[in-house]
Structures are given as C-alpha cells and as structure tokens.
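Chemist: return a 3D structure for these sequence lines:
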Amino acid sequence: MASSTVTNHPPTAVLKFSIAGSSEHSGRYVAENILVDSPLDQASRWSGAYQSPNVRQWMLLRLDDPCVLKSITFGKVRVLPHPCNMKEFKIFMGLTEDNMAEVLHAGLKNDSFPETFSVRFMNRAGVCFPTRYVKIVPLSAHGQSFHTSIWYVSMAVRHDEYRESVVLRHILKHLRQRRLLTPFNSILSRSNVQLEHPITTALYDSLVLHGDWARAEQNLHSASSAGLFASYIRACQPHAHWTRLHGLDADGDAPCRRGGHALCFDELAGLIYLFGGWDGQRSLDDFWVYDVARDAWRLLSLAASRDANGPGPRACHKMVFDDRTGAIYLLGRLGDGDAVDPLDRGQRTGYGRHCGAGTGKSREPARARAAGVKWWPGAPAPWSTVCSEFYRYHTRGLDAGKWDLLAIDTAATGGPPLMFDHQMVVDSNAQMIYVSGGRVVDGDWEQCKYSGLYGYDIRTGTWELFQYVAMCSRDLTSDVASSHPYIPPRFGHSMVFDPHACTLFIFAGQRNDKYLSDMYAFHIPSQTVTELFSNFTAEGGPDPCFTQRAVIDPELREIYVFCGLTRNRPGALTNLETTSPYWIYRYARADRPGTWSKILPEEGEAPTGADEPERPRPRYAHQVVYDPRAKTVFVHGGNAGLEHGGSEVSASEVDEGRAGARGGEGRPEGAEPARENRLDDLWSMQLKRPPPEEIVRRATYEIRQQRFREMCEEGPAVKALTFLQTDVSAVVDHGDTDEAYVFRSLLSHLLAAPPPPAPARLDTPASRVSPSTDSLNKRSHPETQQEDEEMLDEGRAHAEASASEPGQGILAMIGMEEDPLERQEAGPDRKPLPSERFKQRTQVFERLLLFVNADARQPEKDLLDLINTDEEV
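Modeler: Reported below is the predicted structural model:
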C-alpha cells in the first residue's frame, strides 16, 4: 500500500458532487448519507452489503464540473473506535466512469478525526489531468466480519485550475508555432503548467530549433522506450495471425464435428471447456476440456446425461465460467425433442438442423437426481420437457467434477423461459450472471417469441428482470417500447460485458425475418439503454449478421467480432461472410459510439488452395473464447456451409439449412444431395500491430525527408542525391505504394533547388537540371535505371504541382523571424534559421506528434479554434 500525504486540516473549498452509483448497501445506510457531515449520527453513513473483503464494493461520485482534483477528505463518527470504519481503500479518477486511473491506495485510522489525502493529479508526462468521476473502492474494515462504512466525503480544488491549465497549454502551443519563444519560456518558468512530455520537448528542440538530426532520431528511440507510441500502435489496423491447434486426448481423440455448441474459458488455469452441440444427426451431451499450455484435450464425460444432475443433449445453449468460484453455469437449449421441425413451418433455427419429431418421448436419467430434485420411475428428464433447467458444474474444491441442478425451470422463479440462441455473460466481481434475448421454445413455431434481459445473483440464487420484451413479434411496436430506451428483442446476437464501465454491449442478431446491424449499451447500475448505432453497416461496420461471435478486451476497450451469416435485406438469400469476416470495434466511452475497422489477413499469408490453410474457413454456429492475458482468441467448430459430393457449394445457398431441409430439391439428376460441412477444428488468433521499431522507422523517414530537402537547398546536388539513395532509402518500405511514391517524389526538391555557384555559360535552366540527371544516371544500378528515370519524371511533375500551389503557413502579420532567445543560445558560428525553414520543421514536428500519446503532446486543437470572433464583427 503506497504512502500518502495526510493532513488533519479539512479543505477550505468543497466541491459539489452527487452519487452516480454504488454497489449494494446494507439496510438504510444508503450512499447519499455521505453527502452530509453528521459525526454525531451513527446512521449517517454508507455501509456495504457484504462483510467479506473478497466481494468488490464501490461508490461512484460525479463532480458537478470537471476539475483538477487535489485532495479528498473522509469524515468519521465520534465513536472511538468503531469497527465499521473503513480501513484500506483505493481511489480512482477520470473524466468518464469507464476510463479511470488509480490515484491513491491508502488507509484510515480507527479514530474520530477527519483525514485528508492528497491524490495524484498529473500523468506521467507531468500534465494535469481533469476529473469528473471519483470512485471509492473500500478494501477492508477495521473490525473483522463487519460491514465497511463511509461516513462523510468532501473534495477540494480550485475550480478554475483545470480551465486555466487548458488555456495556458493552448497559448503555449500558439506561441511556439509563431516562434515567439521568449514569452513561451517566460510562461513556462512562471507557471506550474507543462505543455508536453520532456522527451517530446527534447524532440522539438533538436529537430526544429537546432536541426540536430542525429539527436532527433535518438529522441525517437527514447520516446519509443518510454511508451509514448503505445496509443498510436493500438489504433493501427491489426492483422490476424492464425495458428491451427491439433491437440488430442490421451487416446488420440478430440471433439467431433459440431455446431451450436458452447465454450467457456478458465483464465487462471488456461482451460477451455466445451459442451454439447449438434453434429448434423443428433444433439450431443459430451463434455470436454482443452489445456492451452499442453495443447491437449481431455474428455470429462462421454454423456453428461448419465452423470448425477448432469444436463442432457442440447445445442444453441450458453455457458459462462465464474473466475471467483471456479463454477461453470449452463442455461438454455434446443434439444431433439423440443419442437417439430421449424423448417417445415418456414421457421429458422440458424443451424441448418431439425429440432426433432416432437414426439415428447422422454429419456429417463441413469440414476436419481440429488440436490433436492426428486425423480420417480417413468418421470421425464428435465431436458425432455418445455422447462428451462439451469446447471452448475464445479471445477474446484471438494465438489470438483460434480453437477448441480439449480433449477428445473428458471421461469418458475422469475427467470427466463426456455430459449435458444441467447447470450450469457458473468461478472465475477459482482457475482452476477446476465442473460439476454434468445428465441423462446414453447412448442408453438407459428410465431417468433423472444426472451428479455435478466440478471442472476449467484450469492442469493435469485433472478431479476432488467428489461421486459414483447413475447410475440406482432407486439414489438407497442407504445411502451417506442417511448422508452429499449433494446429490441432478438436471437443469434452478440453480448459482451465491460466490467470497468459496468456495461453490456448488445448488437446484431435476427428478429423475425430481418438480420440486424444495430448496437446498444446497457449500463447496469443505472439500468439505462443507449443506442450506439441504428445501423453500424452505414458507419463503416460489418453487414447485418446472425450467429456472429464476439469477445471483448476491457483493458484495451476493444470488441472483436467474428461474422457468421449475413443478409442484405429481409427475404434475401443468406450468405457466409467471406470477404471481411473479422472486425474490431474500439470505443473510448461505453455510452458513445466507437469506430469499426476490419481485421486484415496476415501479411504474406499463403494463397488460397494451399494444403494447410493459414486461417480458418468462413463459418457460422461456431464458438469463440478470449484469453485477456495472452491477448489470444480461440475459435472452434461451426458450420462451413453446404457441399455436393465433397465439393463446396456457393455460400449463398446456405440459408440456415434450407437447401438441406429440402433434401436436395432442384439438384441435377444423378447429383449427390447437399450436406452440411460441420467443422471440428480449433484455432488461436493473435492480433499483430506494428511494433515500436516500425513506428520509429516511419518517424525517422519523416525526419530524413526534411533533412534531404534542406540538403537540396544548401549543398551539392550529388551529396543530396547520395543521401537520398542511401540514408533515406534505408528507412523506406518500398513495398508500400504510398511510401514508395513519396520517396520518388522527393526528387522534386532536388530539381527545384537553386543551382550552386557556376560559370555564366552554365547558368541556364537546362544546366540546373543536368547535374542531378547525370548523377542519377551514374549512381543508378543498371537494372534500376528505368525505375530511376520514372522517379525523375514523377519528381518534375511534383515540382510543377508544388510551384502552382498557394503558399501555406501562418498569417503574414507574424514575420517568424529569429527570436532573441535563439540568438542568446546560439554559438558565434551558427547561421540564423530562415523563417520558411522554421515553418517546414514545425510541420514535420507536428506530423511526428501523430505517433505520440495524447497525454504526452501539445493540445490537438489550435488556439484560434477556441476563439469565437463572430461577436467582434
């Protein structure tokens, strides 16, 4: 626990704030009690609902105005000592509730005196960061087995400090751009404001003011080592690196081909659990575990229906893994006896399979069920009835390897009805499971019915309905749904959970005959819905999709989407997404729209048709899990579409098995019937982004371009050309079309450069070009001479275009002459830096800032952008 600066004097200025949310409270001790300082009232406090320190509890405060927070004070009750007094705690701050940094880890004394703690308010670049939200996370109380209590909180800061800092930083940027270095340095020396990271400042001095090229390139390496390029690297469009995993069990077996199965991941142990699915003929109830480190499968149960309290065969169900308890929770199904064939009625399951004959014939369990569930001879097993049974499997402790039947029918206890193609996630810290959507199974396939959004409290074993949905599709346009924020019902969609923002992301899927491309954020503490996209396809995202899979990395605030079936419009043929099957969604705030981009294939990937493909085939009804520590995605199984006699048919024929349901109707006489191509392969995927060395190379290329331009103006053309062909060419990615074009166009500066002193008879336009041309031809390799001539032609065209462009730069009222401070620091032999060259170097510096983290560089906006001159006109 870090030490903290503590004073016994309360702050003189108190900030106004409100309670934005909190974990559960005990009795009447609500969070709003901390807004009032009543040290004599033992009821004036917030107390957490749980005594165990293993349960994460928290309180979120929202300041009325953003500010740079300096300190926080905790008041106490005048009862000495009090066992409920908070002992150890952490403080997090940020402008948004889903992007907060830890600023304090400290402890309170068990006395009656208020304590004030200074908090960290500068980032690693030395720049003050503003705060709007403050989260208090109590870790323990002074008394064992007591509820942790917070009595009173106040926070202090000068209200205008943040705005003052913002204004000064924009002024500093403005002055430096205009070469007004004397007032620039005066403000820096007299204020407590830092414009940027010291390495960024050193880069500016070496590049712009001194033209010390070697030092500037050294600064780039220092910036990379300090992590100043990390944000840019994360924002680069990634490439997918796929690896086929061939692990088997001790008998040489692995899970068979299937789709509609369920996976969950034990992050601590590195284990992937697999249950059930549909193999094209029947539902499965086998249970497997895959050890990532050993690349090996292990069969836990050949038929879980024969295990005590085990689930029966099923597909389209979901599993989650609770990291805290090591328990697996399983819910939902589409089993062999759930309904008549929906395809015969024009319905769709999304997995190209029938749902049984609807005979209602039950299979008896192998032995009587335990855990209070009584069975009698001839009684139907729970999975053979229209009941939503709920299971738990233990992977740790004394009950490891055993199943619990938590409920025969969750609908009877306030939970969801029996459904399939739903989504389920777990919040291990809060011990909550969230279930969203899904199509209801009740034996009536004439109309689509959907489930809502539910929460299951693991500790209490109770369900809560967060959002009701109209059960029938014809009720979707009700007044209630249209007048309130509402997540339309769906199945075959995606849902992921961000624990830092306490937010569920729900998107895509199918409703009735329509594939969806909308996206919603559900904030759990406030139970508010935000529509992020009504159509993310129109915003550069994937096409409307069904049975796509998604995983989230909350630390990076990225969602990875693996597309399944797509359809452009209702009633159109369904397609397997093959051109852009993988996407990434980035967001800065959970309640605001982020950006979509494609995950590109790995560079240098083997051509299609190779014996061993370098990436998985397009599929749907597959399953995906994510290892946040190793930043690795695992993909298993699914359905790759239909094929005739061993050759694949067009993906457009895959209309959820419609072709297969017709039994090959319409195929040429004598042709083999189409069959679905289910998969049993397991893949791992890691995203490859540019390494820091690549960013240093790109930045070095920018610096050497400027150095070459200046050499063209000052030195002999031969020297400049040699530098271009050696030093500049060495940092160019010649395989990149854009970089190669810029490299060739650099010749325009050599062609347009003023000639060196020469006899009058050579001072002609032709003679000004001939030295460069001759040198180019002499130094070119024979095999590249034609390419060099093309460079020369491009250089001439670029020079002519540059000459015709209007001048760019700063207003003519500022001459940009050398500042007196530059003359003081310059040596006697130093030549003054021309104003035009100062502007060129400044432009290069600001292009380099695109690589630098936002908190380590000058403000992005200019001072002129913040000033409204309309009132002065």
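Chemist: list phi and psi for the closest residue to residue 678 other than its chain neighbours.
Modeler: Of all residues not flanking residue 678 in the chain, residue 257 sits nearest, at 4.1 Å (Cβ to Cβ, 6 or more residues apart in numbering). Every residue, glycine included, has its C-beta placed from N, CA and C. As for residue 257, its main-chain torsions (degrees, to the nearest 10) stand at phi -60, psi 140.
Chemist: cool, residue 285 as well?
Modeler: phi -140, psi 30.
Chemist: list the contacts for it?
Modeler: Neighbour list for residue 285: 275, 276, 301, 303, 304, 305, 310, 311, 312, 313, 314 [criterion: Cβ atoms under 8 Å, 6 or more residues apart in numbering].
Chemist: quick one, phi psi at the nearest residue to residue 727 once chain neighbours are set aside?
Modeler: Leaving aside its chain neighbours, residue 727 sits nearest to residue 704 (5.8 Å; criterion: Cβ to Cβ, 6+ apart). Main-chain torsions, residue 704, degrees, to the nearest 10: phi -70, psi -30.
Chemist: next, count neighbours for residue 704.
Modeler: Residues lying near residue 704 (other Cβ atoms under 10 Å) number 22.
Chemist: what's it in contact with, if anything?
Modeler: So residue 704 contacts 213, 723, 727, 728, 731 (Cβ under 8 Å, 6+ apart).
Chemist: and the residue nearest to residue 678, what does it touch?
Modeler: Here residue 257 is in contact with 279, 280, 637, 678, 679, 680 (criterion: Cβ under 8 Å, 6+ apart).
Chemist: 10 Å - rerun?
Modeler: The contact partners of residue 257, by Cβ atoms under 10 Å, 6 or more residues apart in numbering, come to 277-280, 637-640, 676-681.
Chemist: next: residue 833.
Modeler: 179, 208, 209, 210, 211, 816, 817, 818, 819, 822, 826, 841.
Chemist: how many neighbours does residue 832 have?
Modeler: Applying other Cβ under 10 Å, I find that residue 832 has 12 neighbouring residues.
Chemist: so what pLDDT did it get?
Modeler: Residue 832 is assigned a predicted lDDT (pLDDT) of 84.
Chemist: list the contacts for it?
Modeler: 817, 818, 822, 823, 826, 838.
Chemist: which of the residues you listed has the most neighbours?
Modeler: residue 838 (22 neighbours).
Chemist: is that residue part of a helix or strand, or is it coil?
Modeler: Under DSSP: H, G, I helix; E, B strand; the rest coil, residue 838 falls in the helix class.
Chemist: so it touches residue 207, yeah?
Modeler: No - if you go by Cβ atoms under 10 Å, residue 838 and residue 207 don't touch, sitting 11.0 Å apart.
Chemist: let me know the helix or strand that the nearest residue to residue 208 once chain neighbours are set aside is in.
Modeler: Nearest non-adjacent residue to residue 208, counting by Cβ to Cβ, 6+ apart: residue 841, 4.3 Å away. Using DSSP states H and E, residue 841 maps to helix 835-848.
Chemist: which strands and helices lie in contact with that helix?
Modeler: If you count contacts as 3 or more Cβ pairs under 10 Å, 6 or more residues apart in numbering; DSSP states H and E, helix 835-848 packs onto helix 161-177, helix 198-204, helix 213-225, helix 692-714.
Chemist: got a markdown table for those, with mean pLDDT and distance to residue 68 too?
Modeler: A markdown table is the format used below for those (pLDDT from 0 to 100; distance: least, Cβ to Cβ, whole Å):
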| stretch | mean pLDDT | distance to residue 68 |
| --- | --- | --- |
| helix 161-177 | 86 | 5 |
| helix 198-204 | 95 | 20 |
| helix 213-225 | 96 | 25 |
| helix 692-714 | 94 | 31 |
